[in-house]
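> sequence below, structure please.
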Amino acid sequence: MVEVSDPERGELVPFGNITKQVDTRYEPATTAETQCYRYDALRQLTSAWTATDNCTLAPSGSNRGMVGSGISPASAYWTEWTVDTLGNRQNQKQYSLSGGTDITTTYAYDGNSKGQPHTLTSTATSGGLTGTTSYTYDKTGNMATRSAGQGNQTLSWDEAAPVAVKDHVVDGVAPARGGHVQ
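Residues are numbered from 1 along each chain as shown. Predicted structure coming up:
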């Protein structure tokens, strides 16, 4: 057991990845929330969930009973990721804990054929929520555009202002030009 910070506690595996974090909000007498983490052989995060069983069992498609939060049912979650050998996230699956449809997001890299293998070029989300997002980059690898259901954004890069928004359109409305992305 390693003391992360008071009142949060966490457990580390021998090579340093956190496998469990216990969080008590506000008062020490409050019910705690336990978050569990699992990793692949390359120490990349592959699963995270809130647990009612002190991380004894990992959830599965047929057994989600241990997923819950002592603080609030609304803060309970279970998410899994698949990662390729380059370290790129391939999929994210957010499991529904209320009987609804799970949400899966698939990530695509180097879809612009510019030889940038770690460059995220699009995402596609299906299940309980749906949508797509696409990204383009300049020749040095800086994001140039982002297009999503919430709006489109064009970015420019220079030394004085590392990121400046040229256009940010949400639902067909563009705000004043020249604002900085924070």
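
> stretch 105-115: which residues count as buried?
105, 106, 107, 108, 109 (16 or more other Cβ atoms under 10 Å). The C-beta positions use only the backbone N, C-alpha and C, and glycine is treated the same way.

> stretch 37-55 now?
Buried residues in stretch 37-55 (16+ other Cβ under 10 Å): 37, 39, 45, 46, 47, 49, 50, 51, 55.

> quick one: residue 34 from residue 53, how far?
8 Å (Cβ to Cβ, to the nearest Å).

> let me have the buried residues of stretch 37-55 in CSV, extended by secondary structure, distance to residue 116 and pLDDT.
What follows is those, written out as CSV (DSSP: H, G, I helix; E, B strand; the rest coil; distance: Cβ to Cβ, whole Å; pLDDT from 0 to 100):
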residue, secondary structure, distance to residue 116, pLDDT
37, strand, 29, 94
39, strand, 26, 91
45, strand, 23, 92
46, strand, 25, 94
47, strand, 28, 96
49, strand, 33, 96
50, strand, 36, 95
51, strand, 38, 94
55, coil, 38, 92
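
> next, give me the two most distant ones among these.
39 and 50 (17.4 Å; Cβ to Cβ).

> now render the buried residues of stretch 37-55 as JSON lines, adding distance to residue 154.
Shown next, in JSON lines, are the buried residues of stretch 37-55 (distance: Cβ to Cβ, whole Å):
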{"residue": "37", "distance to residue 154": "37"}
{"residue": "39", "distance to residue 154": "37"}
{"residue": "45", "distance to residue 154": "32"}
{"residue": "46", "distance to residue 154": "35"}
{"residue": "47", "distance to residue 154": "36"}
{"residue": "49", "distance to residue 154": "38"}
{"residue": "50", "distance to residue 154": "38"}
{"residue": "51", "distance to residue 154": "43"}
{"residue": "55", "distance to residue 154": "44"}
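
> between those residues, which sits nearest residue 18?
Using Cβ to Cβ, the buried residues of stretch 37-55 come closest to residue 18 at residue 37, 5.8 Å.

> isn't that closest one up against residue 18?
Yes. Counting by Cβ atoms under 8 Å, residue 18 is a contact partner of residue 37 at 5.8 Å.
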